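Asks: I would like to see how this sequence folds:
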Amino acid sequence: MKTPYKNIYSVLKLNRFIVLAVVVCALLTSTFSVWIAYTTHKNALNSAFAINTDGSIIPVKLVTQKENFKVEALAHLELFHNYFYNIDASNYERNLKKALWLGNSSVDNLYRQKKADGVYNRLLQYSLVQKVLSVDSKIIENKGSHSFTTTTIFEINRGSIIDIYELISTGNLIIVDRNFPNNPHGLLITDYFENTLRKLNNEN
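Replies: Modelled structure (predicted):
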């Protein structure tokens, strides 16, 4: 007895159903994979990882990183301005060498300009003492870049005369590898510029 052939329309209908089911499953799988990848990427951007002493991984949230960045940036700027401007005949070479580790060529160019202008020679010749009294910095973040404005108050002791000055300087900060003890905060000052310098103790 011959096996009756199935209705061709039923066969085509079944095939179409199978194809549609496979396509839908593929789309759902692809969508789920994309969602998983996006979520993983987003979590990775919002977290950093540190290795604990026992080898376990500790997540550090980006919010904490931003808070820490501001603290480290302020400390970096205070350190730099103290090294660069807190100088006398006995320590200026050592302090300036340390300051140059904290900035790029813009700091080095300013140092060379001051040296050519005889600033450090006068320091030696007249035994001047330049002492930083305060460093006040403001950090501005704009689309991932960080700029700063720093007000440094310092005095120059000429023996019987003490003059007090206010220096306003600006620049940018970029993240670099930490280099202890030369650059403990892992930041570098770029585009450094001394904007204004004025004498304070002549003012009423």
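Asks: tell me the buried residues in stretch 91-107?
Replies: 92, 95-96, 98-104, 107 (16 or more other Cβ atoms under 10 Å). The way it works is simple: take the backbone N, C-alpha and C, and place the C-beta from them, glycine included.
Asks: and A37, how far from L200?
Replies: 58 Å (Cβ to Cβ, to the nearest Å).
Asks: over to K66?
Replies: 35 Å.
Asks: looking at these two, which has the bigger crowd around it?
Replies: L200 (13 against 10; other Cβ atoms under 10 Å).
Asks: my guess is the more buried one contacts I162, does it?
Replies: No. L200 lies out of contact with I162 (Cβ atoms under 8 Å); the separation is 11.1 Å.
Asks: list the contacts of I140.
Replies: 146-149 (Cβ atoms under 8 Å, 6 or more residues apart in numbering).
Asks: also I153?
Replies: I153 neighbours (Cβ under 8 Å, 6+ apart): 132-135, 164-167, 200.
Asks: in strands only, show me the residues you listed.
Replies: 132-135, 164-167 (DSSP state E).
Asks: in this protein, which spans are helices?
Replies: 8-45, 62-85, 92-100, 105-116, 119-125 (DSSP state H).
Asks: out of those, flag the one nearest N172.
Replies: helix 105-116 (9.2 Å; Cβ to Cβ).
Asks: sorry, back to before: any chance of the buried residues of stretch 91-107 in CSV, plus distance to H81 and pLDDT?
Replies: Shown next, in CSV, are the buried residues of stretch 91-107 (distance: Cβ to Cβ, whole Å; pLDDT from 0 to 100):
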residue, distance to H81, pLDDT
Y92, 14, 95
N95, 11, 97
L96, 12, 97
K98, 12, 96
A99, 8, 97
L100, 13, 97
W101, 14, 96
L102, 9, 97
G103, 11, 97
N104, 16, 96
V107, 11, 97
